[in-house]
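# have a look at this prediction, sequence included:
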Amino acid sequence: MTLPLRVVAVSGGLQRPSKSAALAEQLLDLIAEEVPCEPRLVEVGQLAPQLAGAVWRSQLPDTVERELAAVEQADVLVVATPVFRGSYTGLFKHFFDFIDQDALVDKPVLLAATGGSERHALMIDHQLRPLFSFFQARTLPLGVYATDKDFVDYRLQNGALIQRARLAVQRALPLVELTRHTRSANAEEVVAA
């Protein structure tokens, strides 16, 4: 019994349309070309009014709870955020503050970011990687960073960047496949029991 992977992308973009959401969707599409999956995009910017003022998870409405649960139950995560003052957006961090600290243990996470210039490219390794290391997630080795000039009408147009995104997904496939086989084996055990 082979179940499709639950691949959830979280975009930290604050507006719509969003370059971060476009990058996340591109990565979701690339993963879907390689493995059977159920892709889902969570746009944190669209949840902003419902997140505002919440200090405890119990204060969040059901719509936000469903998105948090989707992230926690994902087999693979893709995260993409714009660089804002040298780091991920505060709203992106606020969203992940509500994630159970054990929910992402050993979960493969593909890291991505967008920014105005190349000078923020190290944000993936200096900001995102430590955040997901806290969760004990398996951050994938290659991150994807895109600048404003890589997009035309919120679509990736830079051939070299698209190739890097493909390479990031290709390098992630062994871990993604392992996750897929583990999920299918667990499902078979449940059916047999």
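Structure's in. What do you need? Numbers count the residues shown, from 1 in each chain.
# CA only for contacts and neighbour counts going forward, please
Will do.
# how about the helices in this structure?
Counting by DSSP state H, the chain has helices at residues 19-34, 44-51, 62-73, 90-97, 123, 129-134, 159-192.
# return the most buried member of these.
Comparing the helices of the chain by mean neighbour count (mean count of other Cα atoms under 10 Å), helix 19-34 ranks first with a mean of 22.
# measure how far that helix is from the centre of its chain, please.
Here the centre of helix 19-34 is set off from its chain's centre by 10 Å, with Cα atoms, centre = their mean, to the nearest Å.
# mean pLDDT lowest for which of the helices of the chain?
Note on the helices of the chain: lowest mean pLDDT is at helix 159-192, with a mean of 80.
# ends of stretch 117-124, what's the gap?
Stretch 117-124 has an end-to-end distance of 14 Å (Cα to Cα, to the nearest Å).
# now stretch 151-168
19 Å.
# what's in contact with that stretch?
Among residues not part of stretch 151-168, those counted as contacts by Cα atoms under 8 Å, 6 or more residues apart in numbering are 17-19, 22-23, 26-27, 30, 110, 140-144, 146, 150.
# look up the closest residue to Met9, ignoring the ones flanking it.
To be clear, residue 9 is Ala; Met isn't right here. By the measure of Cα to Cα, 6 or more residues apart in numbering, the closest residue to Ala9 outside its immediate chain neighbours is Val78, 4.3 Å from it.
# list the residues that contact that neighbour.
With contacts defined as Cα under 8 Å, 6+ apart, Val78 is in contact with Val7, Val8, Ala9, Val10, Ala24, Leu27, Leu28, Val109, Leu110, Leu111, Ala112.
# isn't the third one up against Ala24?
Spelled out, it's Ala9. Yes - shown here, Ala9 and Ala24 form a contact pair, counting by Cα atoms under 8 Å, at 6.0 Å.
# what is in contact with the two at once?
Both Ala9 and Ala24 are contacted by Leu41, Val78, Val79, Ala80, under the criterion Cα under 8 Å, 6+ apart.
# list the contacts for the third one?
This means Val79. Contacts for Val79 (Cα under 8 Å, 6+ apart) come out as Ala9, Val10, Ser11, Gly12, Ala24, Val109, Leu110, Leu111, Ala112, Ala113.
# among the residues you listed, which lie within strands?
Applying DSSP state E to those, the entries found in strands are Ala9, Val10, Ser11, Val109, Leu110, Leu111, Ala112, Ala113.
# for those, pick the one with the most neighbours.
Neighbour count (other Cα atoms under 10 Å) singles out Ala113 as the most crowded of the ones in strands among the contacts of Val79, with 30 neighbours.
# noted, bye for now.
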